[in-house]
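**Q** The amino acid sequence is not available; the structure is as follows:
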Ligand code: NAP
């Protein structure tokens, strides 16, 4: 138990008391033990938070980028200095191994650093006029109040990847974190508080997703909704925000293919495919969901992969030896089990793992590799979000590209090859927002991250990440010449 109750609603610089009658229990997915209870807020708290954010916007939006940047720098420093404690909290509420959790916290801090730097670089434009008596300017201005909704799989970095650019641009924010992982959100808000963020600039509401979301969608003051989560919820937000024509950034689900060509460095392909699939226990939007291996190297790849997967240690993330923690909750275990059961029933063979049992002490499932996988199995069609790696073989480049593209998702795809022409050819042909070539870690502060097709709209990261939070106002000047 961390505390019996944790204040988790923060409005206009004040932490609200928690009514025990209106609270949600947070438990550790590795032990199923209760950690604490947090507030179960709804429409009323969200309305107040939006009002506070609107008031704060009147001054925060007018500050110079340099002044906003100072607070973001400070928040970055505080977060880095506290990475170990924050990582421990993250592991306890989310389950991932401590080394991954500390890595996530450091990565989350890196987004604050990047956007502290970008805050001073929101450039406008001077457009050469075709008429002598006109001058034309484009000035970037903050969008206004932003509603940010985040998932549980990266409880820290998904928040700073949104709040960093929003705050740098001069927007103010109402944040709704995932119900499974509110504690990392509480800690991040405390860091902003310590860094000197003025009241109302960052507000936090935990609780009833539908009620909080509805208020964000129907309240005209919210000008932009930035969401990371499932494609289904993304579609709902898009439909419901039509009424007020709100701006939207959507980072949604994925179904990433890995393609291992016969000219690949096989040892590298095996280690990185393993890292892509099993990091965060397969609960990553860009993790490998389907692996296509050229027939000529398939036997070697599978044998080396099996050896490495069998060596992975599953357990409590706080244990130093652990490579894979638990899944987030019982529904996640159920979904992974159903994908596994469906594949086996339709003829897939288990290369290793394959345990269908949920441990009585947590939501654990063993890392699994499947062979003889065919296209009509659910695992080849839907996002699994768990530690199961289906292998398929191929011989022809065009055929495998077609298969890789045969999905409504378009977030990330990976190829392993040492051939330059193939690298360019295949990268251009893959219908994905991100292509990793001999690389499976494309989420960095300095580059644009985001999907196409039903994986999303907009980019997070890089200077591109600021675009969604800035309106481009055209000022047309008639002058005497
Ligand atoms: P989710 O079920 O869509 O939930 C995401 C967030 O949306 C949660 O905070 C959830 O709160 C909230 N939410 C649900 N219904 C809502 C509504 N009607 N109004 C307002 N908010 C609502 O997704 P998840 O299971 O947490 O996360 C996993 C998904 O996120 C996967 O599909 C993964 O691929 C995707 N993801 C994408 C990226 C990316 O960058 N593209 C990164 C990470 C994850 P409640 O749980 O309380 O409903």
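**A** Cool, got the structure. A quick note: this is a predicted structure, and the numbers were derived from the prediction, not measured.
**Q** Burial check on residue 182, number of neighbours?
**A** Neighbour count for residue 182, taken as other C-beta atoms under 10 Å: 26. (Each C-beta comes from the backbone N, C-alpha and C, glycine too.)
**Q** For residue 443, which residues are in contact?
**A** Contacts for residue 443 (C-beta atoms under 8 Å, 6 or more residues apart in numbering) come out as 107, 157, 286, 449, 461.
**Q** got the residues of this protein near the ligand?
**A** 149-154, 158, 176, 178-179, 209-210, 213, 228-230, 233, 236, 251-254, 285, 383, 411, 451, 456 (C-beta under 6 Å from any ligand atom).
**Q** ok, and what's touching the strand or helix carrying residue 71?
**A** In this assignment (DSSP states H and E), residue 71 forms part of helix 65-81. Applying C-beta under 8 Å, 6+ apart, the contact partners of helix 65-81 are 60, 86, 105-106, 108-110, 112-113, 115-117, 119-122, 160, 164, 167-168, 170, 188, 191-192, 194-197.
**Q** which of the contacts of residue 443 sit farthest apart?
**A** Comparing all pairs in the contacts of residue 443 by C-beta to C-beta, the longest separation belongs to 107 and 286, at 13.5 Å.
**Q** the more surrounded of these two?
**A** residue 286 (24 against 19).
**Q** Let me see the contact set for the more buried one.
**A** When contacts are counted by C-beta under 8 Å, 6+ apart, residue 286 is found next to 254, 256, 276, 411, 412, 434, 442, 443.
**Q** Quick check on the residues of the chain next to the ligand: which are buried?
**A** Listed as buried from the residues of the chain next to the ligand are 149-154, 158, 176, 178, 213, 228-229, 233, 251-254, 285, 383, 411, 451, 456; burial here means 16 or more other C-beta atoms under 10 Å.
**Q** mind listing which of these are in strands?
**A** For those, the ones inside strands are 149, 176, 228, 251, 456, with DSSP state E as the criterion.
**Q** pLDDT added to those residues, as TSV?
**A** TSV is the format used below for those (pLDDT from 0 to 100):
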residue	pLDDT
149	98
176	98
228	98
251	98
456	97
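**Q** can you give me the strands in the stretch 51-200 of the chain?
**A** Chain-ordered strands for the stretch 51-200 of the chain, with DSSP state E, counting those that start in this stretch as the definition, fall at 125-127, 134-142, 145-149, 172-176.
**Q** can you check the stretch 201-350 of the chain too?
**A** Chain-ordered strands for the stretch 201-350 of the chain, with DSSP E, counting those that start in this stretch as the definition, fall at 202-204, 222-228, 247-251, 256-260, 288-294, 349-352.
**Q** Burial-wise, tell me which of those comes out on top.
**A** Most buried of the strands of the stretch 201-350 of the chain, by mean neighbour count (mean count of other C-beta atoms under 10 Å): strand 202-204, with a mean of 29.
**Q** and that strand, what does it pack onto?
**A** Using 3 or more C-beta pairs under 8 Å, 6 or more residues apart in numbering; DSSP states H and E as the contact criterion, the neighbours of strand 202-204 among helices and strands are strand 10-11, helix 43-60, strand 172-176, helix 182-194.
**Q** What are the neighbouring residues in contact with the residue in the chain positioned nearest to the ligand?
**A** With C-beta to the nearest ligand atom as the measure, residue 213 is the residue of the chain nearest to the ligand, at 2.2 Å. If a contact means C-beta under 8 Å, 6+ apart, then residue 213 has 149, 176, 237, 240 as its contacts.
**Q** okay, the helices and strands packed on strand 202-204, which one's buried deepest?
**A** Greatest average neighbour count among the helices and strands packed on strand 202-204 goes to strand 172-176 (a mean of 28), per mean count of other C-beta under 10 Å.
**Q** just to revisit the earlier point, inside helices: which ones of the contacts of residue 443?
**A** Under the assignment DSSP state H, those contribute 107, 157 to helices.
**Q** Including pLDDT, could the contacts of residue 443 go into TSV?
**A** TSV is the format used below for those (pLDDT from 0 to 100):
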residue	pLDDT
107	98
157	98
286	98
449	98
461	98
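**Q** how about CSV for the contacts of residue 443, with distance to residue 39 added?
**A** Listed next are those as CSV, based on distance: C-beta to C-beta, whole Å:
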residue, distance to residue 39
107, 28
157, 24
286, 32
449, 31
461, 31
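**Q** can you pull up the bridge partners for residue 15?
**A** Here residue 15 shows beta-bridge partners residue 10, assigned using DSSP bridges.
**Q** What sits closest to the residue most central in space within the chain if chain neighbours are left out?
**A** Centre of the chain computed as the mean C-alpha position; nearest residue by C-alpha atoms, centre = their mean is residue 158, 4.7 Å away. Sequence neighbours aside, residue 150 is the residue nearest to residue 158 in space, at 4.4 Å (criterion: C-beta to C-beta, 6 or more residues apart in numbering).
**Q** tell me the contacts of that neighbour?
**A** Residues in contact with residue 150, defined by C-beta under 8 Å, 6+ apart, are 158, 159, 162, 175, 176, 177, 178, 185, 228, 229.
**Q** ok, the second one touching residue 108?
**A** Which is residue 159. Yes: counting by C-beta atoms under 8 Å, residue 159 does reach residue 108; the two are 7.0 Å apart.
**Q** who touches both of those two?
**A** Shared between the contact lists of residue 159 and residue 108 (criterion: C-beta under 8 Å, 6+ apart) are residues residue 188.
**Q** sorry, back to before: tilt between the helix holding residue 71 and strand 134-142?
**A** 30 degrees (axes from the mean of the first three to the mean of the last three C-alpha atoms, to 10 degrees).
**Q** Okay, buried residues for helix 65-81 please.
**A** Residues of helix 65-81 classed as buried: 65, 68-69, 71-80 (neighbour count, 16+ other C-beta under 10 Å).
**Q** one step back: show the pLDDT at the residue of the chain closest to the ligand.
**A** At residue 213 the predicted local distance difference test score is 98.
**Q** Would you check how far apart it and residue 149 are?
**A** When C-beta to C-beta, to the nearest Å is the yardstick, residue 213 and residue 149 sit 7 Å from each other.
**Q** Check the contact lists of these two and give me the overlap.
**A** Counting by C-beta under 8 Å, 6+ apart, the residues touching both residue 213 and residue 149 are 176, 237.
**Q** So what are the structural domains in this protein, by residue number?
**A** For the chain, the domain assignment from automatic domain parsing gives the residue ranges 10-252+454-475, 256-444.
**Q** Just tell me which of the helices and strands packed on strand 202-204 ends up closest to residue 133.
**A** Judged by C-beta to C-beta, the one of the helices and strands packed on strand 202-204 that comes nearest to residue 133 is helix 43-60, at 35.2 Å.
**Q** Would you agree residue 376 is in contact with residue 347?
**A** No: using C-beta under 8 Å, residue 376 is not in contact with residue 347, being 9.9 Å away.
**Q** Quick check: neighbours shared by these two?
**A** When contacts are counted by C-beta under 8 Å, 6+ apart, residue 376 and residue 347 have no shared neighbour.
**Q** Report how many residues lie close to the closest residue to residue 471 other than its chain neighbours.
**A** Leaving aside its sequence neighbours, residue 471 sits nearest to residue 141 (C-beta to C-beta, 6+ apart; 5.1 Å). Burial of residue 141, expressed as a neighbour count using other C-beta under 10 Å, amounts to 15.
**Q** Same check on the one 5 residues further on?
**A** Residue neighbour count, defined by other C-beta under 10 Å, stands at 30 for residue 146.
**Q** contacting residues around it?
**A** By C-beta under 8 Å, 6+ apart, the contact set of residue 146 is 53, 162, 166, 171-174, 222-226, 469.
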